[in-house]
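K.L.:
Any chance you can model this:
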Amino acid sequence: SGTVTLLEVAKAFAGLNKKPKRSIVFLWVTGEEIGMFGSKYYVDNPLFPMEKTVACINVDMNGRIFEQRDTVWGKSPKLVKNFDGLYTLINEICPEIKEINNNVCKKLGLVPDYSLPSGFLRSSDHFSFHKNGVPILNYSTGYHADYHKVTDEVSRINFDKMKRVADLCFLVGFEIANHKKMKTT
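P.N.:
Down below sits the predicted model:
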C-alpha cells in the first residue's frame with residue numbers, strides 16, 4: 001500500500017503546472033525488515049546533501065481499517081485504526097511540520113494519533129533520516145491481522161482510506177516543499 005501511495009503522490013506532483021519551490025525525491029527502498037539497508041544506503045549516498053533535506057515522509061501500511069479480526073494485536077500500541085484515524089510518528093526537529101500536518105489532517109477529516117511510544121521511531125526507514133537530523137513524518141494505519149503473513153491480500157485494502165493518506169502526503173509534501181523557511185530546533 002505504501003508503494004502504490006507513493007506512486008500516486010509522485011504522479012500528482014508530476015502533473016502540477018506550477019512546481020514546488022524545493023525539489024522532491026521519491027524514494028523506494030529495500031531491506032527495511034532486515035536492517036533498513038536501502039534507507040541507510042541512501043542517507044550515505046544521497047542525491048542531494050542531507051543537510052539540504054528538509055523532511056522525510058515515510059508511508060508504511062496505509063490501506064487498512066479496523067476489522068474485528070485485528071484484535072490479535074489488542075495489546076499493541078499500534079492496533080489498526082478506523083477510517084479516520086492515522087498513526088503519525090514525528091520527531092521534534094521541526095515543529096512547523098507538525099502544525100502543517102495537523103492543518104491538512106483537519107481539512108481531510110483525518111485524526112492524527114501521535115501516541116506511539118518513542119521506540120517506534122526506530123521501526124522503519126524514516127529512522128535513517130532521523131539519525132541524520134532530518135525531520136520525519138511516518139504515516140501508518142497500524143498492525144492488522146495479516147501483518148507479515150501470506151494472508152496479506154489486496155482484497156483487504158480499503159482504497160478510499162489509502163486515497164485519503166495519499167492526499168495527505170501530497171498536501172503536506174506540497175506545503176513543506178513551498179515553506180519559506182523550515183525552522184529546526
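K.L.:
For the rest of this, base every contact and every neighbour count on C-alpha atoms.
P.N.:
Fine.
K.L.:
Identify, by residue count, the longest helix of this protein.
P.N.:
Criterion DSSP state H: the longest helix present in the chain is helix 159-178.
K.L.:
Please verify my assumption that G63 contacts G142.
P.N.:
No. At 9.3 Å, G63 and G142 do not qualify as touching, with contact defined as C-alpha atoms under 8 Å.
K.L.:
List the buried residues of the longest helix of the chain.
P.N.:
If you call a residue buried by 16 or more other C-alpha atoms under 10 Å, then helix 159-178 has these buried ones: 159, 161-177.
K.L.:
Packing partners of that helix?
P.N.:
helix 2-14, helix 95-108 (3 or more C-alpha pairs under 8 Å, 6 or more residues apart in numbering; DSSP states H and E).
K.L.:
got JSON lines for these, with distance to K81, mean pLDDT and mean neighbour count too?
P.N.:
As requested, the helices and strands packed on helix 159-178 are exported to JSON lines (distance: least, C-alpha to C-alpha, whole Å; pLDDT from 0 to 100; neighbours: other C-alpha atoms under 10 Å):
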{"stretch": "helix 2-14", "distance to K81": "16", "mean pLDDT": "94", "mean neighbour count": "17"}
{"stretch": "helix 95-108", "distance to K81": "15", "mean pLDDT": "96", "mean neighbour count": "16"}
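K.L.:
And the nearest residue to Y114 once chain neighbours are set aside, its phi and psi?
P.N.:
Ranked by C-alpha to C-alpha, 6 or more residues apart in numbering and with sequence neighbours excluded, the top spatial neighbour of Y114 is T88, at 5.3 Å. Note on T88: backbone dihedrals following degrees, to the nearest 10 are phi -130, psi 110.
K.L.:
Now do V4 against K163, distance only.
P.N.:
Applying C-alpha to C-alpha, to the nearest Å, the value for V4 to K163 is 10 Å.
K.L.:
swap in K181?
P.N.:
In this structure, K181 and K163 are 29 Å apart, going by C-alpha to C-alpha.
K.L.:
same thing with T5?
P.N.:
Plainly put, T5 is 7 Å away from K163 if you go by C-alpha to C-alpha.
K.L.:
go on, V150?
P.N.:
With the distance defined as C-alpha to C-alpha, V150 ends up 24 Å from K163.
K.L.:
likewise V9?
P.N.:
Distance, V9 to K163, using C-alpha to C-alpha: 10 Å.
K.L.:
again, but for N103
P.N.:
Taking C-alpha to C-alpha as the criterion, N103 is separated from K163 by 18 Å.
K.L.:
do Y147 as well
P.N.:
Taking C-alpha to C-alpha as the measure, Y147 falls 20 Å from K163.
K.L.:
All the strands of this structure, residue numbers only.
P.N.:
With DSSP state E, the ranges of strands along the chain come out as 56-59, 85-90, 111-113, 136-140.
K.L.:
Show me how far the third one is from its chain's centre.
P.N.:
The one in question is strand 111-113. In terms of C-alpha atoms, centre = their mean, to the nearest Å, the gap separating the centre of strand 111-113 from the centre of its chain is 13 Å.
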